[in-house]
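# Sequence first, predicted coordinates after that:
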Amino acid sequence: MVRAIPVEFIERKIYLVRGQKVMLDSDLARMYQVPTKVLNQAVRRNLDRFPEDFMFQLTAEEDESLRSQFVTSNVGTSKHGRGGRRLPPHVFTEHGVAMLSSVLRSKRAVRLNILIIRAFVRLREYLATHKDLARKLRDIERTQHEHGAHIQKIYGHIQRILGPGPQPPKRRIGF
């Protein structure tokens, strides 16, 4: 039985890389309760199931940028080959995560994938809501700008009406 993993926990393990929502191989391995090496071996044995839009390897720069975002400790990870990773991690998109259940072939993987897919769906719903709110806010700002322009015109007309009328030319006295 899969121990209850809150969807919020899974959502915090979803990152945006190259414009795609992805999960790290090491995070997935921890959730599946298998070593990262075992997860990656299973994927390598089934590479035809993981095209580039399902899984890809981070560049060194992307890996470093991601690490700096969630401030990982350097305990057990050495750049000199002692412990830790020697290559940047693989990341899996929502489709790649779904494919993992068929590769890992365990009941835990199937149940966990259901939770992970639900987390991806929930994030997509949040984003859709935020996009809708952002559109509505832009509409309100545009309307407010248009109303401001109309008010300025009305104010100008009122100023002309209330302002002193044209002064008749002064008559010159004398020659």
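Yep, that arrived.
# Torsion angles phi and psi at the residue lying closest to Arg45 once chain neighbours are set aside?
Counting by C-beta to C-beta, 6 or more residues apart in numbering, Arg45 lies nearest to Val103, which is 7.8 Å off, once chain neighbours are set aside. For the C-beta atoms, the positions are set from N, CA and C on the backbone; glycine is no exception. Dihedral angles of Val103 (phi, psi; degrees, to the nearest 10) stand at phi -80, psi -40.
# And for Val103, the neighbour number?
For Val103, the count of nearby residues is 16 (other C-beta atoms under 10 Å).
# And Leu28, what's its pLDDT?
Leu28 is assigned a pLDDT of 92 by the prediction.
# Please disregard the earlier target; I meant Arg85.
What the model reports for Arg85 is a pLDDT of 73.
# That one - how many residues pack around it?
Considering only other C-beta under 10 Å, Arg85 is surrounded by 14 other residues.
# Helix, strand or coil: sort out it for me.
Classification of Arg85 using DSSP: H, G, I helix; E, B strand; the rest coil returns coil.
# How about Arg172?
Going by three-state DSSP: Arg172 is coil.
# what sits against it?
Contact partners of Arg172, counting by C-beta atoms under 8 Å, 6 or more residues apart in numbering, are absent.
# Could you check how far the residue nearest to Arg45 is from Asp53?
16 Å (C-beta to C-beta, to the nearest Å).
# Please look at the residue nearest to Arg45 and Arg49 and confirm they touch.
Yes. Here Val103 reaches Arg49: they are 6.5 Å apart, a contact under C-beta atoms under 8 Å.
# What helices and strands are in contact with the lengthiest helix in the chain?
The longest helix of the chain (DSSP state H) is helix 107-162. Helix 107-162 sits against helix 7-11, strand 14-17, strand 20-24, helix 25-32, helix 94-104, with contacts defined as 3 or more C-beta pairs under 8 Å, 6 or more residues apart in numbering; DSSP states H and E.
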